[in-house]
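A.B. asks: Next one to model:
(one chain, ligands or ions: 2)
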Amino acid sequence: MEASANYQQVTTRNLQQWALSAASQFHNFPFKASNSWIAKFKKQHKIKQQEITKYVSAKETATIDEILAAADIFRKQTMKLIPNFHKDFIININQTECQYQSTCDRALYMQEAKAIFVQRQRINRICHSYTAQYAITMSGKLLPRVFICLQEATGMFDPKIRKAVDEFAKIYTNVVITSSKSGKLITYLYTEFLKEMLAPYVRQGKFLLLIDSWDGQTNPALYDKIFLDDDGIGTCTIKVIPSKCTSLCQPCDVYFYRQVKNLIKRLQNCSFLIEQKREITSREDCIKIHAIVHHQLSAPIFENMLRYAWFASKLTDKREIFMNVNEVCFPLDILKQPCNCKNATFIRCARCRANYCFACFYDKYHPTMCIISSASTNE
Ligand SMILES: [Zn+2]
Ligand SMILES: [Zn+2]
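C.D. replies: Ligands and ions are numbered 1, 2, ... in the order given. Predicted coordinates for the structure are as follows:
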């Protein structure tokens, strides 16, 4: 539903892969998303094939068995490497596409309704997307900053916007803001990311980097130039996740980004905004949203959840008991406990654990007031 709401094509193969990745979180659960299973699933949910003439890439034609085999090999090789590194220095970085406005009413699109027009103040924003890149460690931490790449017509911020963005950067200090024509990362920007965000974190330490096979980032020379110790020895070991199995063994994909997207959706579709007929879809909002998401998800209370992403990817056998975003930030009992200002609570902060209404949390930008966060700022 989410993919079709975002105008992405959904194939039977997609459905099988999503089912596989959902099932892969459960160890010892022999599930193969077989053809008979998918046929039953489609029937049950009234999903019908539409006529599409589309070029099918090599990735998609891989059989389920090939995908599982590739994932197994990747895991085996990676788990051999893991003991050589400190868990703070085993890092998975990955980019994810985000929408300026996520579609909250998507459940209504199903079945009967042939065409539904939802009134949006900035209709053109719906299709616009941008990229966010987070980095998570096997120890359950986030790198100190998140990298975002906005879509700009010329690829660059025009001078007026540049000025505004520079101001935002002073407020939202945990976000590195860049732009490109497509809103996607390009090699040049990825190199910036390595220099600005990864290098200050790893310094001269040896580290293991798990990345997917996007060709803007797989050239080893890229890393050899940036990550060197005093003797000129490279400090970075790269392990590339085969393209067909990122949804099975890439920690960011398997669990982490679903939590990021959930938190974003909660912010964008909160009832307070709907009542006020307000939307948070500006350039500043999208930067602010990631500043908040990063502030919340890097809270110590989420370390077990991040470690679980590695378990769910089957890169470790250690299973952590954890609470996810819904349990930490949006437990049901917050409804009975209003914000200090007497308004209804929207969220319980993952760091200071106090309840806040949307205005106190988002509009007043809570991270600058969150007592625990200011004590543990990284830089
Ligand atoms: Zn309040
Ligand atoms: Zn707080």
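A.B. asks: which element is the closest residue to residue 242 other than its chain neighbours on?
C.D. replies: In space, and not counting its chain neighbours, residue 242 is closest to residue 70: 4.6 Å by C-beta to C-beta, 6 or more residues apart in numbering. Glycine gets a C-beta too; all of them are placed from N, C-alpha and C. Assessed by DSSP states H and E, residue 70 sits inside helix 64-81.
A.B. asks: What mean pLDDT does whichever helix or strand comes after that helix get?
C.D. replies: Next along the chain after helix 64-81, taking DSSP H and E as the criterion, comes strand 90-99. Taken as a whole, strand 90-99 has a mean pLDDT of 93.
A.B. asks: now strand 90-99, how far from the centre of its chain.
C.D. replies: Mean-position distance between strand 90-99 and its chain equals 5 Å (C-alpha atoms, centre = their mean, to the nearest Å).
A.B. asks: Need the residues that contact it.
C.D. replies: 6, 82, 126, 128-139, 143, 149, 184-185, 193, 198, 202, 207-212, 214, 246, 250-253, 257, 260-261, 264, 286 (C-beta atoms under 8 Å, 6 or more residues apart in numbering).
A.B. asks: Let me see the residues that make contact with the helix or strand just after that strand.
C.D. replies: Next in sequence after strand 90-99, counting helices and strands by DSSP H and E, comes strand 129-137. With C-beta under 8 Å, 6+ apart as the test, strand 129-137 has contacts from 87-100, 142-143, 146-151, 183-185, 193, 197-198, 251-252, 256-257, 260, 286, 290, 294, 306, 309.
A.B. asks: Same check on stretch 338-356?
C.D. replies: Identification of contacts with stretch 338-356 by C-beta under 8 Å, 6+ apart yields 266, 270, 272, 295-297, 299, 301-302, 328-331, 334-335, 337, 357-362, 366, 370-373.
A.B. asks: among the contacts of strand 129-137, which ones are buried?
C.D. replies: Neighbour counting by 16 or more other C-beta atoms under 10 Å classes 87, 89-96, 98-100, 142-143, 146-151, 183-185, 193, 197-198, 251-252, 256-257, 260, 286, 290, 294, 306, 309 among the contacts of strand 129-137 as buried.
A.B. asks: Can you tell me which residues in the protein are near ligand 1?
C.D. replies: Within the chain, the positions near ligand 1 by C-beta under 5 Å from the ion are 339, 341, 343, 357, 360.
A.B. asks: hang on, the earlier thing: among the contacts of stretch 338-356, which are located in helices?
C.D. replies: In this view, the contacts of stretch 338-356 that belong to helices under DSSP state H are 266, 272, 295, 296, 297, 328, 329, 358, 371, 372, 373.
A.B. asks: per-residue confidence for the first one?
C.D. replies: Think residue 266. 92.
A.B. asks: Would you mind confirming that it makes contact with residue 330?
C.D. replies: Yes - at 6.5 Å, residue 266 and residue 330 qualify as touching, with contact defined as C-beta atoms under 8 Å.
A.B. asks: got the angle between the helix holding residue 70 and strand 90-99?
C.D. replies: Compare the direction of helix 64-81 with that of strand 90-99 by axes from the mean of the first three to the mean of the last three C-alpha atoms, to 10 degrees and you get 140 degrees.
A.B. asks: any idea how far the closest residue in space to residue 200 that isn't next to it in sequence lies from residue 77?
C.D. replies: Leaving aside its chain neighbours, residue 200 sits nearest to residue 144 (8.0 Å; criterion: C-beta to C-beta, 6+ apart). Here the criterion is C-beta to C-beta, to the nearest Å. By it, residue 144 lies 29 Å from residue 77.
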